[in-house]
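Colleague: A structural model of the following input is requested.
(2 chains)
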Amino acid sequence: MEDVGCEPDVITYNALINCFCKYEQMPKAFEFFLEMKNNGLKPNIITYSTLVDALCKEGMLQLAIKFLVDMRRVGLLPNEFTYTSLIDANCKAGNLNDALKLAKEMLQVHVDFNVVTYTCLLDGLCEEGRVNEAEELLRAMIKDGVAPNLKTYTALIHGHIKDKWMENAMGFLKEMMGKNIKPDLLLYGTIIWGLCSQSKFEECKLVMTEMKDCGISANPVIYTTLMDAYFKAGKTKEALNLMQEMCDMGIEITNVTFCVLVDGLCKTGLVQEANNYFSRMPEFNLQPNVAVYTALIDGLCKNNCIEDAKKLFDEMQGKNMVPDKIVYTALMHGNLKHWEFQEALNIRSRMSELGMELDLHAYTSWSGDFHKVA
DNA sequence: GTAGGGTTAG
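Modeller: Got it, this is the predicted structure:
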């Protein structure tokens, strides 16, 4: 642009600054901020809002506030974008009270809430478990003439599901559909996650079908969530069918999928089956990670195959994988269970050396086993 | 040219 004598203007710089912000290159963004000022251009409300938002997302709230002061100094007042960025950042940092203070300030200076502002506040309330107030806010925005959209309802539905209010969540879904707003992959995923947590598999299947009919295909996370829920509910056959379905449909299989599969089979007592799947991982171009190893090691320990568990543990270390607290704990309990007293103590000291403190759960379990053996 | 929603494993 400069070569052909086309001078960049404020909009050009704003686009550029936004780009560097989005690609997490704040120093570059500030460089252009200074450059535009040096070129005699005045940063406007969009420039400042962009930078304030980026600083918020980088967790530099204090610096964002400084920019707010700076923009006021040059005669620019924060608008609904600036306020919404700050409100959202405070909500996500767990400072709901500060977010509410900012909202109050908006009212005082007559900057109206829009659908995004409301959604951020509503999500913040949900995150704190204040779902009733979130619902009140939904009613207030509608009364105020601001129409909630898909994202607003998703936040509200997610909040209710997280608080185990599945019925209410489904009520909001119905209300949303009544306004002719269609769920997308995110919302379907949220609903399936909720139904899984309550082992409502029939409803889950209905939702999966509905989703498919709408032309939205379930992603690997949704499949894995469902598979895990099937295993944990003792529905081994359904879980395995789902694995087959994933393969048939070309859904991406990851270490998480295998972890769920191996763990599920082990906890059902089907250690041999688990081992078979484990050996087949290279066919999927996968190298088992520590979590998958742990699932099988734990399964072997609990099914009287401590020697195989130890072999697997050595194999894992041979592949330069660093054992973590969870796998050490599984092996430690396995050894105790098999009266391998000294070995269990050795693992416990190794954990101490590595700075891995037993948490309350591991410790209670350790003491229990210890006394049994003693 | 600026702001908002979800989820999986040991």
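
Colleague: can you pull out the low-pLDDT segments for chain A?
Modeller: Scanning chain A for pLDDT under 70 picks out the ranges A:358-374.

Colleague: domains of it?
Modeller: Listed domain ranges for chain A are A:1-77, A:78-182, A:273-374 (source: automatic domain parsing).

Colleague: any idea which of these is most buried?
Modeller: Greatest average neighbour count among the domains of chain A goes to domain A:78-182 (a mean of 18), per mean count of other C-beta atoms under 10 Å. In this view, the C-beta of every residue, glycine as well, is placed from N, C-alpha and C.

Colleague: got TSV for the domains of chain A, with distance to residue A:204 too?
Modeller: Compiled in TSV, these are given as follows (distance: least, C-beta to C-beta, whole Å):
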stretch	distance to residue A:204
domain A:1-77	34
domain A:78-182	12
domain A:273-374	23
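
Colleague: turn those domains into CSV, including distance to DNA strand B.
Modeller: Below are the domains of chain A laid out as CSV (distance: least, C-beta to the nearest atom of the strand, whole Å):
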stretch, distance to DNA strand B
domain A:1-77, 3
domain A:78-182, 3
domain A:273-374, 3
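
Colleague: host element of the closest residue to residue A:189 other than its chain neighbours?
Modeller: Spatially, and ignoring its direct neighbours in sequence, residue A:189 is nearest to residue A:222 (5.3 Å; C-beta to C-beta, 6 or more residues apart in numbering). According to DSSP states H and E, residue A:222 maps onto helix A:220-232.

Colleague: and that helix, C-alpha only, in CSV?
Modeller: Taking Å, rounded to 0.1, in the frame of the first residue of the first chain, the C-alpha atoms of helix A:220-232 are listed here in CSV:
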residue,chain,number,x,y,z
PRO,A,220,-15.4,-37.7,18.2
VAL,A,221,-16.0,-36.0,21.6
ILE,A,222,-19.7,-36.8,21.5
TYR,A,223,-19.1,-40.4,20.6
THR,A,224,-16.5,-40.8,23.3
THR,A,225,-18.7,-39.3,25.9
LEU,A,226,-21.5,-41.6,25.0
MET,A,227,-19.2,-44.7,25.0
ASP,A,228,-17.9,-43.8,28.4
ALA,A,229,-21.5,-43.4,29.8
TYR,A,230,-22.5,-46.8,28.3
PHE,A,231,-19.5,-48.5,30.0
LYS,A,232,-20.1,-46.8,33.3
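
Colleague: does anything pack onto that helix? Which helices or strands?
Modeller: helix A:185-197, helix A:201-213, helix A:236-249, helix A:255-267 (3 or more C-beta pairs under 8 Å, 6 or more residues apart in numbering; DSSP states H and E).

Colleague: buried residues in it?
Modeller: Going by neighbour count (16 or more other C-beta atoms under 10 Å), the buried part of helix A:220-232 is A:221, A:222, A:223, A:224, A:225, A:226, A:227, A:228, A:229, A:230, A:231, A:232.

Colleague: among the residues you listed, which are within reach of DNA strand B?
Modeller: A:221, A:222, A:224, A:225, A:228 (C-beta under 7 Å from any atom of the strand).

Colleague: that older thread, which one of the helices and strands packed on helix A:220-232 lies nearest to residue A:289?
Modeller: Counting by C-beta to C-beta, residue A:289 lies closest to helix A:255-267 out of these; the figure is 4.8 Å.
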